[in-house]
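Enquirer: Sequence and predicted structure are below.
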Amino acid sequence: MKKIAQHIILILLLLTIPIVSSPDFDGTLSVFKVSPFQREFIRFVLVVIFFYVNLNLFLPKLYSRKKYFLFTLCLLICFGIMVFVPNYLTAENRIPVRHFPMQMQTPANPNGDMPPQPLGERFPQEDFQHKNNTFYGQMIFSSLLPFLFSFLSSLFIFKNIEKKELERSKAKAELLSLKYQLQPHFLFNILNSIYSLALLKSEDTPNGILKLSNVMRYVVQESSKDLVKLSKEIEYVKDYIALQLLRTDSSLDFSYTETGETKKLQIAPFILVNFIENAFKYGFNAEENSKISVKIIIREESIHFNVFNNIVTRNITDEESLKVGLKNTLEHLQQVYPGKYSLHTMNNGRTYEVDLKINLL
């Protein structure tokens, strides 16, 4: 509705141009009684109509589908309407009708010969044809420039729209590709966690399988969406943390804090969890004092996400996979929240901290 209102306002503003620019305009509506103005105003209205018809019908339905013959035919018909309609709707500008006055028979002279006709009456047909051709030429010339301007401006806008649509489709395809790379990455790591529990014959294995089912359900149901409820994404993060904690022992000092209300806020899926995965990979070693903390602060329109961990000695066999996961997450952030997020990492060799802020609106 907003766009429609904007276009209506634009059309009304455009229609004021021939009124205020007319030499017959005296500040009143009496200008509409002047035949030359009527002709130009009707032509201007047709130019505006052609602009929108060409932009929304001819170009997308015919030109973009390579139906060039029909496209050209439609343009010629519109040009013909623009040439003839304004002149036929204004009485003083109609094509002159051929009219020959009744002539009296001139009596013959005494020799029986007819007297010669005046020079101006000898070629009435040729004179009429000349005036007719001149009138047609004036109509075509006065319509050609407005028609070309309307056509080229609509074509320029259409090409820009096509370009933006192509860029939007490309960005969406890249984002979808990133999601498909992230999903198996997370699932493989979670399955490794369950496998480790099964090898240890841990009593926590059933609970781990339940958490895994929650995570997989979330991945299947929500991964195809551009945005999900923030509350669901946080629940997914909690389930993922619960799975990771099943692999740890008392040597890990872990803390999780969450403040604020999610309300109806939405977030792109799988944005947060990769940073938590890296913290567990690089921040936990049963032979060392390990510390990991996760903080989520939700404000009115934004989320503040902080992950801190000690850097411990680890033999990480899937380091390349972790780098790919982090790279995809960063690209995901840039695709979904360009200019709406800030990401800072701090590494002093002993501790590592990620601080992420996202404006969700």
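Expert: Received it, and whenever you're ready, just let me know what you need. Numbering: from 1, shown residues only.
Enquirer: remind me which residues of the stretch 101-250 of the chain are low pLDDT?
Expert: 101-138, 171-187, 189-190, 193 (pLDDT under 70).
Enquirer: Model confidence for Thr317, exactly?
Expert: With respect to pLDDT, Thr317 scores 53.
Enquirer: Check the one 4 residues further on too.
Expert: On pLDDT, Ser321 comes in at 53.
Enquirer: Repeat that for Ile9.
Expert: 81.
Enquirer: May I have the phi/psi pair for the closest residue to Thr351 other than its chain neighbours?
Expert: Of all residues not flanking Thr351 in the chain, Asn310 sits nearest, at 5.6 Å (Cβ to Cβ, 6 or more residues apart in numbering). From N, CA and C alone the C-beta is placed, and that goes for glycine too. Per-residue torsions, Asn310: phi -70, psi 150 (degrees, to the nearest 10).
Enquirer: Could you do Phe79 as well?
Expert: Geometry field for Phe79 lists phi and psi as phi -70, psi -40, criterion degrees, to the nearest 10.
Enquirer: One more: Glu261?
Expert: phi -110, psi 140.
Enquirer: who touches the residue nearest to it when sequence neighbours are not counted in this structure?
Expert: Closest residue in space to Glu261, ignoring its immediate chain neighbours: Ile298 at 6.3 Å, by Cβ to Cβ, 6+ apart. Ile298 makes contact with Leu230, Glu258, Thr259, Gly260, Glu261, Thr262, Leu265, His304, according to Cβ atoms under 8 Å, 6 or more residues apart in numbering.
Enquirer: Please look at the last one and Lys357 and confirm they touch.
Expert: Read it as His304. Yes: if you go by Cβ atoms under 8 Å, His304 and Lys357 touch, sitting 5.2 Å apart.
Enquirer: Which residue ranges of the stretch 151-300 of the chain form strands?
Expert: Under the criterion DSSP state E, counting those that start in this stretch, the stretch 151-300 of the chain contains strands at 228-229, 252-259, 266-267, 290-298.
Enquirer: Turn these into CSV, columns for distance to Gly208.
Expert: Converted to CSV, these look like this (distance: least, Cβ to Cβ, whole Å):
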stretch, distance to Gly208
strand 228-229, 24
strand 252-259, 16
strand 266-267, 26
strand 290-298, 18
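Enquirer: measure the residue nearest to Thr351 to Tyr352 for me?
Expert: 8 Å (Cβ to Cβ, to the nearest Å).
Enquirer: What of Ile298?
Expert: Applying Cβ to Cβ to Ile298 and Tyr352 gives a distance of 24 Å.
Enquirer: Could you do Ile17 as well?
Expert: 64 Å.
Enquirer: And these two? Which one has more around it.
Expert: Tyr352 (18 against 11; other Cβ atoms under 10 Å).
Enquirer: quick one: the helices in the stretch 201-350 of the chain?
Expert: Ranges of helices in the stretch 201-350 of the chain, per DSSP state H, counting those that start in this stretch, are 205-222, 230-245, 273-283, 319-336.
Enquirer: any idea of the angle the third one forms with helix 205-222?
Expert: Using axes from the mean of the first three to the mean of the last three Cα atoms, to 10 degrees, the direction of helix 273-283 lies 150 degrees away from that of helix 205-222.
Enquirer: mind saving the C-alpha coords of helix 273-283 as PDB?
Expert: Backbone C-alpha positions of helix 273-283 (Å, rounded to 0.1, in the frame of the first residue of the first chain) are rendered in PDB as follows:
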ATOM      1  CA  VAL A 273      26.600 -22.300  18.100                       C
ATOM      2  CA  ASN A 274      29.900 -22.400  16.200                       C
ATOM      3  CA  PHE A 275      31.600 -20.100  18.700                       C
ATOM      4  CA  ILE A 276      30.500 -22.400  21.500                       C
ATOM      5  CA  GLU A 277      31.800 -25.400  19.700                       C
ATOM      6  CA  ASN A 278      35.200 -23.800  19.300                       C
ATOM      7  CA  ALA A 279      35.300 -22.900  23.000                       C
ATOM      8  CA  PHE A 280      34.800 -26.600  23.900                       C
ATOM      9  CA  LYS A 281      37.300 -27.800  21.300                       C
ATOM     10  CA  TYR A 282      40.100 -25.400  22.400                       C
ATOM     11  CA  GLY A 283      39.100 -24.700  26.000                       C
END
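Enquirer: and it, average pLDDT?
Expert: Helix 273-283 comes out at a mean pLDDT of 87.
Enquirer: let's have the chain start at 107 instead
Expert: Let's use 107 as the start, then, which means that last one is helix 379-389.
Enquirer: From the chain's centroid, how far away is that helix?
Expert: 36 Å (Cα atoms, centre = their mean, to the nearest Å).
Enquirer: if you compare the helices of the stretch 307-456 of the chain, which one is most tucked away?
Expert: helix 379-389 (a mean of 22; mean count of other Cβ atoms under 10 Å).
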